[in-house]
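Q: one predicted model, sequence on top.
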Amino acid sequence: MEEELLRAAIKAFHNAYAPYSRFKVGAAVQDKESVIYAGSNVENVSYGLTNCAERTAIFTAVSAGSRQLETIAVVADAPVPVAPCGACRQVMAEFGIKRVIMANLKGDVRHASLQELLPEAFQADLRQE
Ligand code: THU
């Protein structure tokens, strides 16, 4: 299952649109029913509009009707596995992601819980169903 998630993240990595930073990232998220949704970073000439791979994958899942997410894998071509940015961690918390798998193209893999990466996440009971 982890291999399948990593394969999906690597596939998305190759679709990354990163002409400005030249730093491609791929992500894949698995929901409670084990369905996988993938995404890549998508940059813009107006740099601040960039969407990270993790959020692209999560938004793809949510847009498809899946809100109960479990595990996310993130892959980049870096010397060590990259950890998700703070904004993406908060979005992960929103949809219940518990486990984060970080990997690079060399095959190094690191595991962390979202609790470890984002202790004391902002939680407010203001969401609409
Ligand atoms: N990026 C991600 O896609 N995920 C992260 O967790 C960190 C950064 C992207 C944003 C930008 O396109 C590029 O990596 C360099 O920051």
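A: Now that the structure is in, tell me what you want to look at. Numbering: from 1, shown residues only.

Q: which strand or helix spans residue 79?
A: Per DSSP states H and E, residue 79 falls between elements, in no helix or strand.

Q: same question but for residue 93, I mixed them up
A: Assigned by DSSP H and E, residue 93 belongs to helix 86-94.

Q: report the buried residues of that helix.
A: Across helix 86-94, burial judged by 16 or more other C-beta atoms under 10 Å covers 88, 89, 91, 92, 93. Any C-beta I mention is one placed from the backbone N, CA and C, and that applies to glycine too.

Q: need the next SSE after it, C-terminal direction.
A: Tracing the chain past helix 86-94, the next element assigned as helix or strand by DSSP H and E is strand 99-104.

Q: return the residues of this structure in contact with the ligand.
A: The chain comes close to the ligand at residues 18, 21, 23, 25, 41, 43, 50, 52-54, 84-85, 88, as judged by C-beta under 6 Å from any ligand atom.

Q: any chance of TSV for those residues, columns secondary structure and pLDDT?
A: Formatted as TSV, the entries for the residues of the chain next to the ligand read as follows, by DSSP: H, G, I helix; E, B strand; the rest coil; pLDDT from 0 to 100:
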residue	secondary structure	pLDDT
18	coil	98
21	coil	98
23	coil	98
25	strand	98
41	coil	98
43	coil	98
50	coil	98
52	coil	98
53	helix	99
54	helix	98
84	coil	98
85	coil	98
88	helix	98
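
Q: neighbour-wise, which of these leads?
A: Sorting the residues of the chain next to the ligand by how many neighbours each has (other C-beta atoms under 10 Å) puts residue 53 first, at 31 neighbours.

Q: which ones are touching that one?
A: Applying C-beta atoms under 8 Å, 6 or more residues apart in numbering, one finds that residue 53 lies in contact with 9, 12, 13, 16, 25, 26, 27, 39, 40, 41, 74.
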